[in-house]
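> Give me a 3D structure for the following:
(chains A and B)
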Amino acid sequence: MLNYSLRRLAWAFPTLLLLITVAFFMIRVAPGGPFDSEKNLPPEIEQNLNAKYHLDEPLVQQYFRYLGQILRFDFGPSFQYRDWTVNQLIAKGFPVSLSIGALAMLLSFTLGIGIGTIAALRQNSVLDHGLMGYAMLGISIPNFVIAPLLILVISVYWGWLPSGGWEWNWRNMVLPVITLAMPVTAYIARLMRGSMIEVLHSDFIRTARAKGLSEMTVIRRHAMKPALLPVISFMGPALAGLITGSVVIEKIFAIPGIGSFFVQGAMNRDYTLVMGVVIFYGALIILFNFLVDLIYAWLNPRVHYK
Amino acid sequence: MKKKFNLMRLPFLVILLLLNFSVSAGEKLVRGLGPEPDSLDIHLAQGVSALNVLRDIREGLMTLSAAGQPVNGVAESIDMQADDRLAIVHLKQNLNWSDGSPLRAADFVRGWQRAVAPTTAAANAVLLDSVVNAKAIRLGTQAIDSLGIRALDEYTLEIRLNRKLPWLNWLLAHPLTYPLADSLTEKTEAVGNAGHRNGPFNGAYSLTSWTPNDRLVLIRNPHFHSRESVALERIEYIPIPNPNTELNRFRAGELHMTETIPPARFNWLKENYADELKVYPYLGTFFLGLNLRQPPLAGNTNLRRALLLAIDRDKLTALVLAAGEKPAFSLVPPGLGEYQQQYPGGAGQQQAARETTAVALYRQAGYSKENPLHLELRINSSSTHRRMALAVSAMWKQNLGVVTRIVHEEWKVFVNNRNQAVITEVFRGGWIGDFPDPVTFLSLFISDNVQNWSGYESLRFNNLMALAEDQANPKQRLQLLQQAEKQLLDDVPMIPLYYYVSRHLVDQRVSGYSDNTLDIHLSRYLDLEQR
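Sure, this is the predicted structure:
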């Protein structure tokens, strides 16, 4: 197990390096540069700017300069937000994205597993169809439809919760977390229902029931763990997606997370900001997938890593 | 087994914990800011949002009144000498920075020198080109201390200009010319550019916190020279680039003033928020640029004028854009004092007659419905631009038979193509004036201007602009500029479509708000009626 973990971790470095290289050259291929704007700069000022940010050097030299910076965990200054370094921007935005993403994950995990289990136990009942119908809706209605609806009804008409913005306070978190959690909850519920039904039909459950255990004990002690396996393997990409992919939510609710930097950075050709966020996300996703594999191994007695 | 139940309780625990963090909001003015400010460094800031915040937290020799007119700021008085090419500025007495340290004439010298230093690479540095040696310093051929500004004593500044500058007062109110504290310079050198967030400040407010994409919090500056006239204790600027989000937050009562409105909601807002909606002419013109460097538009004035006249601007602004814009036939927008508006030949008639003229000109240029002109119209993607482009191409098609291909481009791609002027034919243009002076618009079309996207080259126009620059008599200067614009419009290097308007929602509890063409509303003049 330890051996396997170390090997997996060792692989993370070439993966990251590949990511950095591809991203670095891709953003440079995009037409336009960080200093192009409505007002053209006089050529001598543009030269001064390029010199200041080393953009006048050959691209390969810039690439190695950048690699050297990353080794020191320095993502450099942002080209667009010139009073900030990329490190500062990520440090400010990540806690916000993380808390919304983690809360949404917790919510969808608890709700999704609950709903999926109940639906599986009452297979083909009205309750089952109702819950799965909701799940289908949750998967198919996009965020950018649900969010404005919630804002309109709950914030504008009823005035119960703020329509957007950010405080470290539950009132500002409710709507974005619900919106973000909705499709994931639905997805987990469907996964859970499917795997629970499958597990409930397996031999060891029949054995457990034959021993005379109560249904509750059968579910909790025997069925839950194996039924969770597909949900766990979905959790890695889902968590990465929740934390990184909340771009739309952050925009609609005006939340100062990291996702908006991703989009703004690309639009502004803010090379350093885009690179910083890409590397940061990349590292996170690699980490999550690694953790999920470990949890998976721990839950599933049939998986052995060598 | 117990473990799992603890895990399930976690969300409730987290929510309980967060309950304790809720802070009750006191009375404060909350303003929408538009996009996140690019920088609060007076020399690097370019975006409107950054400049607006800077005007609240810092102040120059001049500042702007609630009505958007230049009034004395840090300066007590300004004496103009030597044919208006020498300004002796007397500062107010006992001025302080927000940290209590004295603000003196030397702080202006320091600021201006940094503004033009090549290492600063300030995008707006060209604004100072009329100051003695500024351009040479910017180009790196002169030493920084040769700049035409010096402190005669602690409270007196001497500014030397190359020529009389009609908009000097506006320049002295621009953040580029603000003072720079000694301590700030050191801090800036030490930690990237972060010093500019920390002050010290010399405006009506001090910036106390700034979280990107979240908010900027401003608190009244106790050292401000006119502190007793500042009503509000606390201002919060909320950067919200998306106008729909901003509207939601206004409707939910979380904003007192918005930066703009979603254009598509204009009519709805006119009905439902009539008292809150403020629409006012803005110092800017939207136009379509024409590339004069290559066929089919090069050397074909008749064709260009046909395209100009075939567009029904009333329909375009009233029905298609429908968000308060005003139809335009000139580059210089109305409302610039004595300056008389100019119109291109053929514009001074009814639309039906313009269209008849357009058809005749189109024929003269060698095109007809059977042999139509194929044209490319390049825009940067936005819903307003898309509707504009569709309407314009439909009008060209209907009235002349022109076949237009609309090319959408992402912003940076568009800007890049427009600058190179190699593949463009017709492209989105537009300009917001730096100062309410015709020159900020007209100078775009001087042959060697970097913004001359059309490649317009007219000896007569250049000469008139040069004559106006040297003309000391204000009335004659304006006449020269009017002649220049008339020449420009008759040559049709661009097609004016409409004048911009500023659009805000302002809560009825806000007082002291005054519409103005610059669309600058300093927080120090605003007040909020308590509930």
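> Next, count neighbours for the residue in the stretch 251-400 of chain B that chain A sits nearest to.
Proximity of the stretch 251-400 of chain B to chain A (CB to the nearest CB) peaks at B:Ala252, 4.0 Å away. (Glycine included, C-beta is placed from N, CA and C.) By other CB atoms under 10 Å in any protein chain shown, 22 other residues sit near B:Ala252.
> need the contact list for it.
A:Ile151, A:Ser155, A:Val156, A:Gly159, A:Pro162, A:Ser163 (CB atoms under 8 Å, 6 or more residues apart in numbering or on different chains).
> any idea how far A:Ile249 is from it?
17 Å (CB to CB, to the nearest Å).
> Pass me the low-pLDDT residue ranges in the chain, would you?
Since no chain was named, I'll use chain A. Along chain A, the parts satisfying pLDDT under 70 run over A:1, A:244-245, A:303-306.
> should've been chain B
Along chain B, the parts satisfying pLDDT under 70 run over B:1-26, B:185-195.
> Tell me which residue is most central in it.
In chain B, the residue lying closest to the centroid (CA atoms, centre = their mean) is B:Ile432, at 5.0 Å.
> For that residue, give me phi and psi.
Dihedral pair for B:Ile432: phi -110, psi 130, per degrees, to the nearest 10.
> Any idea what it is bridged to?
The bridge-partner assignment for B:Ile432, based on DSSP bridges, gives B:Gly284.
> Surely it touches B:Phe286?
No. If you go by CB atoms under 8 Å, B:Ile432 and B:Phe286 don't touch, sitting 9.9 Å apart.
> Give the intersection of the neighbour lists for the two.
Common contacts of B:Ile432 and B:Phe286 (CB under 8 Å, 6+ apart): B:Tyr500.
> Buried ones in stretch B:137-148, by neighbour count?
Neighbour-count burial for stretch B:137-148, counted by 16 or more other CB atoms under 10 Å in any protein chain shown, picks out B:Ile137, B:Arg138, B:Gln142, B:Leu147, B:Gly148.
> Might you enumerate the residues of the stretch 301-450 of chain B proximal to chain A?
Within the stretch 301-450 of chain B, the positions near chain A by CB under 8 Å from any CB of the partner chain are B:Glu410, B:Trp411, B:Lys412, B:Val413, B:Val415, B:Asn416, B:Asn417, B:Asn419, B:Gly430, B:Val450.
> What is whichever strand or helix holds A:Pro226 packed up against?
Assigned by DSSP states H and E, A:Pro226 falls within helix A:224-244. Contacts defined by 3 or more CB pairs under 8 Å, 6 or more residues apart in numbering or on different chains; DSSP states H and E place helix A:224-244 against helix A:86-121, helix A:170-200, helix A:271-299.
> Please tabulate the buried residues of stretch B:137-148 in JSON lines, including the columns distance to A:Phe144.
Below are the buried residues of stretch B:137-148 laid out as JSON lines (distance: CB to CB, whole Å):
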{"residue": "B:Ile137", "distance to A:Phe144": "50"}
{"residue": "B:Arg138", "distance to A:Phe144": "46"}
{"residue": "B:Gln142", "distance to A:Phe144": "55"}
{"residue": "B:Leu147", "distance to A:Phe144": "52"}
{"residue": "B:Gly148", "distance to A:Phe144": "55"}
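> now those residues as CSV including distance to B:Gln69 and secondary structure?
Converted to CSV, these look like this (distance: CB to CB, whole Å; DSSP: H, G, I helix; E, B strand; the rest coil):
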residue, distance to B:Gln69, secondary structure
B:Ile137, 31, helix
B:Arg138, 29, helix
B:Gln142, 35, coil
B:Leu147, 28, coil
B:Gly148, 26, coil
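> farthest-separated two in the residues you listed?
Greatest spatial distance in the buried residues of stretch B:137-148: B:Arg138 and B:Gly148, 12.9 Å, computed using CB to CB.
> Pull out the buried residues from the helix holding A:Pro226.
The neighbour-count criterion (16+ other CB under 10 Å) identifies A:224, A:226-236, A:238-244 as the buried residues of helix A:224-244.
> Test my guess that B:Arg114 contacts B:Leu128.
No. Counting by CB under 8 Å, no contact exists between B:Arg114 and B:Leu128, whose distance comes to 11.2 Å.
> Tell me which of the two has more neighbours.
B:Leu128 (23 against 19).
> so what's the more buried one closest to, chain neighbours aside?
Using CB to CB, 6 or more residues apart in numbering or on different chains and skipping the chain neighbours, the partner closest in space to B:Leu128 is B:Ala134 (4.5 Å).
> Report the separation between the one you found and chain A.
Remark: distance between B:Ala134 and chain A (CB to the nearest CB, to the nearest Å) = 12 Å.
> any idea whether the residue of chain B found nearest chain A is helix, strand or coil?
Distances between chain B and chain A by CB to the nearest CB are smallest at B:Lys412, namely 2.9 Å. Under DSSP: H, G, I helix; E, B strand; the rest coil, B:Lys412 falls in the helix class.
> tell me, how many neighbours does the closest residue to chain B within chain A end up with?
Relative to chain B, the nearest point of chain A is A:Gly32 (2.9 Å; CB to the nearest CB). Using other CB under 10 Å, A:Gly32 has 20 neighbouring residues.
> again, but for A:Pro95
Counted with other CB under 10 Å, A:Pro95 comes out at 14.
> Over to A:Arg65?
With other CB under 10 Å as criterion, A:Arg65 counts 12.
> Surely it is within a helix?
Yes. With three-state DSSP as the criterion, A:Arg65 is assigned to a helix.
> For A:Asn172, give its distance to A:Phe144.
Remark: distance between A:Asn172 and A:Phe144 (CB to CB) = 19 Å.
> Between these two, which is the more surrounded one?
A:Asn172 (23 against 12).
> quick one: contacts of stretch A:63-74?
Stretch A:63-74 has contacts (CB under 8 Å, 6+ apart) with A:Ile20, A:Thr21, A:Phe24, A:Phe25, A:His54, A:Glu57, A:Phe75, A:Gly76, A:Thr85, A:Asn87, A:Met275, A:Ile279.
> Is it correct that the second one falls within a helix?
In this case it means A:Thr21. Yes. Under three-state DSSP, A:Thr21 falls within a helix.
> for it, what are its contacts?
By CB under 8 Å, 6+ apart, the contact list for A:Thr21 reads A:Tyr63.
> Could you pull out the strands in the stretch 1-150 of chain B for me?
All strands of the stretch 1-150 of chain B, identified by DSSP state E, counting those that start in this stretch, fall at B:29-34, B:62-64, B:70-72, B:75-81, B:86-91, B:149-153.
> Any idea which of those strands gets closest to B:Leu309?
Among the strands of the stretch 1-150 of chain B, the nearest to B:Leu309 by CB to CB is strand B:29-34 (35.3 Å).
> For the closest one, which outside residues touch it?
Outside strand B:29-34, the residues that reach it (CB under 8 Å, 6+ apart) are B:48-49, B:52-53, B:216, B:232, B:234-241, B:246, B:249-250, B:254-260, B:510, B:523, B:526, B:528.
> what do you get if the cut-off is 7 Å, keeping everything else the same?
Applying CB atoms under 7 Å, 6 or more residues apart in numbering or on different chains, the external contacts of strand B:29-34 come out as B:48-49, B:232, B:235-241, B:246, B:254-260, B:523, B:526, B:528.
> Kindly report the same for stretch A:198-205.
Contacts of stretch A:198-205 (CB under 7 Å, 6+ apart): A:Ala120, A:Val218, A:His222, A:Ala223, A:Pro226, A:Ala227.
> In that stretch, which residues are buried?
By 16+ other CB under 10 Å, the buried positions in stretch A:198-205 come out as A:Val199, A:Leu200, A:Ile205.
> sorry, back to before: against B:Asn416, how distant is the residue of chain A closest to chain B?
Applying CB to CB, the value for A:Gly32 to B:Asn416 is 4 Å.
> next one: B:Pro263
Here B:Pro263 is placed at a distance of 26 Å from B:Asn416 (CB to CB).
> now do B:Glu425
In terms of CB to CB, B:Glu425 sits 16 Å off from B:Asn416.
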